[in-house]
Structures are given as C-alpha cells and as structure tokens.
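[1] Using only what follows, build the 3D model:
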Amino acid sequence: GNDRQLGLWGWYLANRLVANNSMPVLLINGAVGGTRIDQHRPNPAGRGLPGTGNVYSIYADLYNRVTNARLNHGIRGLFWHQGEQNQGSGGIDPDYDYKFYQQYFVDISAAWKQDFPNLRNYYVFQIWPAACGDTSRNDQLREVQRTLPRLYSNMKIMSTHGIVPGSGCHYVPAGYQVFSDLIGPLVEQDVYGVMPAAKLTAPNLQQAYFTTPAKNEIALVFDQNIAWNPGAPTMLFLANAAGATSGTVSSGSATGNTIKLQVSGATSAATITYLKGLVSWNQANILYGSNGIAALTFADVPIGTLSPYETWAGGSFANAFTDTAATSDPDGDSQTNQEEFAFGLDPTSGSSVNPITQQLAGGVFKYTRTANSGLTYKVYYSTDLSGWTLDAAATQTPAAAVGGVETVTVTLAAAAPSNGKLFVRVEATQVP
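    The predicted structure is shown next:
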C-alpha cells in the first residue's frame with residue numbers, strides 16, 4: 001500500500017503501548033496481503049519448511065523469524081485480520097470458503113500454541129462487509145468470525161465497519177490509527193493489567209427470540225449494554241427457513257443489553273441478519289454499544305421462542321426476580337419458582353403462597369394458574385389426606401386471564417362422602 005499503510009496500525013499500537021506503559025514491546029508482522037486462510041497453514045513435514053511451490057511459506061517465514069530470534073517462549077498475543085479472500089469459493093475446498101474457515105483457524109491456532117507455548121491472548125478483527133475479492137458469501141464469513149470466541153477462553157473480537165475513515169480493503173493512515181485505538185486498550189487490559197472503566201470489546205449478539213406468541217416482537221440479547229439507532233431497521237433482515245424474506249423490522253428500542261424489535265409479517269421468520277454486505281448500508285445507521293464501539297454484524301442467526309416458563313420469568317413482580325432457576329425459592333416460602341409459575345403466584349413475595357381463591361363448597365372451588373403455561377392440571381380428592389383419587393371427570397372452567405393469571409372454577413364429578421370430609425388438590429405436570 002501507499003504511505004506505509006500495510007502494517008501501519010501495528011506501528012501505531014507499539015508506539016501506544018510503549019508510551020502508556022514505559023515498557024519495550026515487539027510486534028512482528030507476519031501478514032501477507034490477498035491470501036486465503038488455508039495459505040497460512042503450517043507444513044506437516046516441518047514448521048520451518050515452505051514446501052513445494054512455497055505453499056506453506058507464510059507460516060514458515062513467521063516461524064523462522066521467531067525461532068531464529070529465540071523468541072518462541074516470548075510471544076504473548078496474536079492479532080488476526082484476515083478473511084477478505086475467503087468470502088467466496090476461491091479456496092482449495094469444494095464449497096464456499098466460510099464453511100471451512102473455522103476448522104482452518106482452529107488447526108492453525110493449535111500450531112501457534114505448540115510453537116509459541118506462552119501465547120495466551122488472541123485478538124481477531126471481523127472484516128469490513130463485502131471487502132475486496134469475491135464477496136458472494138461475505139455475510140456468512142463474518143458470522144464465522146463473530147462466533148470464533150466461543151471456542152477460546154482468551155479471544156477478543158473487534159468490529160471494523162464502524163471505523164472512520166473506513167475502507168473496503170486497505171485503510172488510510174487515519175483508519176489504521178483507529179485500529180490501534182480499538183485494540184490497544186484490550187492489550188493493556190490483558191497484558192499490563194490496566195483496569196478499564198467500561199467494556200472494551202464490540203457488542204456481540206448472544207440470543208435472538210420472539211417475545212410474543214403473535215411473533216410481532218423480537219428480542220436481541222447482547223453480551224453488554226447496547227444503544228438503539230433509529231436507522232438500524234434498514235440493516236436488519238428476516239428470513240424464513242428457505243432463506244426467503246419473511247417480514248420487516250419497523251422500529252426498536254434498547255434497555256440494558258437487550259434490543260426489542262417491532263416486526264410485521266414475521267410469522268414464518270426463522271433467522272435474522274444484521275448488515276448485508278451486498279445490500280446498501282450506511283455507517284450512520286449501525287448499532288453501537290454504550291461503550292461507543294460498533295456491534296459485530298451477524299448473519300442467519302436462528303430466532304428462538306421463549307418457553308412459557310421463560311416468558312413468565314421475564315414478567316413483572318413485586319420485587320426484582322433475579323434467581324430465576326426453576327428449582328430455586330428466592331422468596332423463601334417453601335415453593336419453588338416452578339410451583340409458583342404453575343399456579344400464578346409471585347416468586348418474589350413470601351406471602352404469595354396460596355392459589356386457592358374459593359374454598360371447596362358444594363363440590364366447587366377455585367384456584368389460580370398461569371395462563372398458557374403448557375402444563376396439564378389434574379384434580380384429585382381424598383377423604384383422609386392419605387389416599388388420593390383422580391377425578392378425571394371434574395370440569396375446569398378458566399375465566400379470562402388478568403395479568404397472565406387465570407382463575408379456574410372446578411366442579412367435582414365425584415360424589416360427596418357420607419361423613420362430610422372431602423379434601424382436594426390440583427396437580428400440575430408438564431405436557432409430554
């Protein structure tokens with residue numbers, strides 16, 4: 001590139017680290033422009049051998065430089081900004097490159113760890129959308145990059161599409177300065193122990209799910225606080241299982257780490273994509289974390305559906321509901337959250353313990369339960385609290401739900417006992 005562009009951000013980073021921490025640092029540039037990930041593999045016959053036709057020369061050159069300098073045990077981190085040439089199907093494998101990208105990275109990183117045993121931290125850049133080269137599957141390639149940290153305990157991934165000034169391939173010096181500004185604080189945190197005031201990574205989507213049975217709202221849960229951008233709907237795409245457009249995003253809002261999207265025509269939507277590289281997009285419309293870093297793009301992420309219990313646990317109660325495990329009893333009333341869910345009680349209030357709203361009289365009683373719980377409710381009776389008999393013919397008539405709780409009128413079919421003693425209980429079980 002011109003103006004010392006290639007590798008320039010590493011120079012900026014080294015200057016930053018020395019200036020801020022008063023400690024010498026060595027950054028080795030092993031990058032080669034316009035290469036696929038398979039070209040970065042080590043030679044199985046020997047790490048320092050370039051192989052026939054220099055097939056393995058990239059890894060061999062880096063390995064030999066480090067080894068000859070006797071620095072194999074001094075490497076602490078690795079920076080990876082690559083992938084432009086893997087957005088299509090120009091690789092050595094018989095399909096689109098993104099399908100093989102993860103395994104190549106895992107195999108190469110295993111070699112790094114063997115050859116540089118003190119390597120601990122990995123810093124990966126998600127490439128610019130539809131950057132140079134064949135871009136036919138650029139969204140899917142970035143999705144693979146986004147999910148790489150799931151396989152590593154010490155990997156950070158940074159977005160690039162929020163960099164200003166941006167570029168499809170190589171950046172001007174001011175753009176590379178932003179590379180350093182983004183990744184430098186992470187290095188200082190991991191290597192120098194500098195404690196940040198806020199998260200330093202790009203927001204990464206953790207889960208997407210419909211929040212309503214009508215499928216008119218989708219929640220996007222990130223790994224950190226996120227801000228809503230009114231222009232973002234133009235870069236959010238819904239698709240059905242066949243990949244065809246299924247619905248549109250009209251608006252949204254953000255609270256904490258969750259964005260709620262208002263959608264229409266999405267009853268058959270199965271996946272959601274944020275920012276398609278081959279569809280016109282604008283930096284002014286991208287999503288940012290509360291830390292000011294652009295959220296990672298994502299592609300073809302499945303849209304889940306909350307279980308009835310999860311929907312209930314996300315509702316409003318008298319107090320904060322944080323210990324939401326089904327077997328927990330955060331209010332200490334000897335009823336688990338699952339039991340309180342089944343009978344429409346408040347899991348945060350120790351006084352909310354009895355679902356019976358009308359005592360048994362004349363073969364009729366009333367109880368409460370969570371509407372649309374997905375549970376089966378059966379009525380049993382007993383004359384001595386010892387043996388219980390299922391009243392399979394008892395009728396249960398629920399009234400209209402109020403606040404997600406319905407009151408059920410039960411009319412027993414069993415005849416009243418001659419001694420006048422009759423006890424009833426309702427049992428809730430999961431539908432098979």
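[2] Would you map the strands across the stretch 251-400 of the chain?
    If you assign secondary structure with DSSP state E, counting those that start in this stretch, the strands in the stretch 251-400 of the chain sit at 258-264, 271-274, 288-289, 298-302, 304-305, 356-361, 364-370, 375-382, 389-390, 395-398.
[3] I'd like to know which of those strands lies nearest to residue 338.
    Proximity of the strands of the stretch 251-400 of the chain to residue 338 was assessed by C-beta to C-beta; the nearest stretch is strand 375-382, lying at 9.5 Å. C-beta coordinates here come from the backbone N, C-alpha and C atoms, glycine included.
[4] packing partners for that closest one?
    Here strand 375-382 touches strand 389-390, strand 423-430, going by 3 or more C-beta pairs under 8 Å, 6 or more residues apart in numbering; DSSP states H and E.
[5] among the ones you listed, which is the most enclosed?
    The highest average neighbour count among the helices and strands packed on strand 375-382, using mean count of other C-beta atoms under 10 Å, belongs to strand 423-430 at a mean of 14.
[6] Tell me how far that strand lies from the chain's centre.
    Taking C-alpha atoms, centre = their mean, to the nearest Å, one finds the center of strand 423-430 at 38 Å from the center of the full chain.
[7] just the angle between it and strand 356-361, please?
    Orientation of strand 423-430 against strand 356-361 (axes from the mean of the first three to the mean of the last three C-alpha atoms, to 10 degrees) gives an angle of 140 degrees.
[8] just to revisit the earlier point, of all the strands of the stretch 251-400 of the chain, which one is nearest residue 52?
    That would be strand 298-302 among the strands of the stretch 251-400 of the chain, by C-beta to C-beta, at 36.8 Å.
[9] Not counting its own residues, what contacts the closest one?
    Strand 298-302 is touched from outside by 139-140, 142-143, 146, 205, 208, 239, 270-274, 276, with contacts defined as C-beta atoms under 8 Å, 6 or more residues apart in numbering.
[10] ok, and the most crowded of these?
    With neighbours defined as other C-beta atoms under 10 Å, the most crowded of the contacts of strand 298-302 is residue 142; it has 29 neighbours.
[11] Could you tell me whether it really is in a helix?
    Yes: following the definition DSSP: H, G, I helix; E, B strand; the rest coil, residue 142 is counted among the residues of a helix.
[12] how much space between residue 332 and residue 351?
    As for residue 332, its distance to residue 351 is 11 Å (criterion: C-beta to C-beta, to the nearest Å).
[13] what about the two, which has more around it?
    More neighbours surround residue 351 than the other of residue 332 and residue 351, with 10 against 7 (other C-beta under 10 Å).
[14] can I have stretch 315-330 written out in CSV, keeping just the CAs?
    Output of stretch 315-330 as CSV, limited to C-alpha atoms (Å, rounded to 0.1, in the frame of the first residue of the first chain):
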residue,chain,number,x,y,z
GLY,A,315,-42.6,-10.6,33.6
SER,A,316,-43.2,-8.0,36.3
PHE,A,317,-43.4,-9.0,40.0
ALA,A,318,-43.5,-7.2,43.4
ASN,A,319,-39.7,-7.3,43.6
ALA,A,320,-36.7,-7.9,41.4
PHE,A,321,-36.6,-11.5,40.1
THR,A,322,-33.0,-12.5,39.6
ASP,A,323,-32.7,-16.1,40.8
THR,A,324,-35.0,-17.5,38.0
ALA,A,325,-33.9,-21.1,38.1
ALA,A,326,-37.0,-23.3,38.2
THR,A,327,-35.8,-25.2,41.3
SER,A,328,-34.9,-22.0,43.3
ASP,A,329,-37.0,-20.5,46.1
PRO,A,330,-35.8,-16.8,46.2
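[15] which residues touch it?
    Residues from elsewhere that reach stretch 315-330 (C-beta under 8 Å, 6+ apart): 309, 313, 331, 335-338, 341, 346-349, 352, 404.
[16] Could you rerun that using 7 Å?
    Identification of contacts with stretch 315-330 by C-beta atoms under 7 Å, 6 or more residues apart in numbering yields 309, 313, 335-338, 346-349, 404.
[17] got it, and stretch 416-425?
    Contacts of stretch 416-425 from elsewhere in the structure, counted by C-beta under 7 Å, 6+ apart, are 360, 363, 365, 379-383, 385, 388.
[18] thinking again about what came up before, could I get the strands of the stretch 251-400 of the chain in a markdown table, plus columns for mean pLDDT?
    Supplementary listing: those in a markdown table, determined by pLDDT from 0 to 100:
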| stretch | mean pLDDT |
| --- | --- |
| strand 258-264 | 95 |
| strand 271-274 | 98 |
| strand 288-289 | 98 |
| strand 298-302 | 97 |
| strand 304-305 | 88 |
| strand 356-361 | 93 |
| strand 364-370 | 96 |
| strand 375-382 | 94 |
| strand 389-390 | 94 |
| strand 395-398 | 95 |
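[19] TSV for the ones you listed, including distance to residue 92?
    Compiled in TSV, the strands of the stretch 251-400 of the chain are given as follows (distance: least, C-beta to C-beta, whole Å):
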stretch	distance to residue 92
strand 258-264	39
strand 271-274	28
strand 288-289	37
strand 298-302	23
strand 304-305	36
strand 356-361	70
strand 364-370	56
strand 375-382	54
strand 389-390	66
strand 395-398	62
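[20] hang on, the earlier thing: among the contacts of strand 298-302, give me the pair with the biggest separation.
    Within the contacts of strand 298-302, 142 and 270 form the most distant pair, 19.7 Å apart (C-beta to C-beta).
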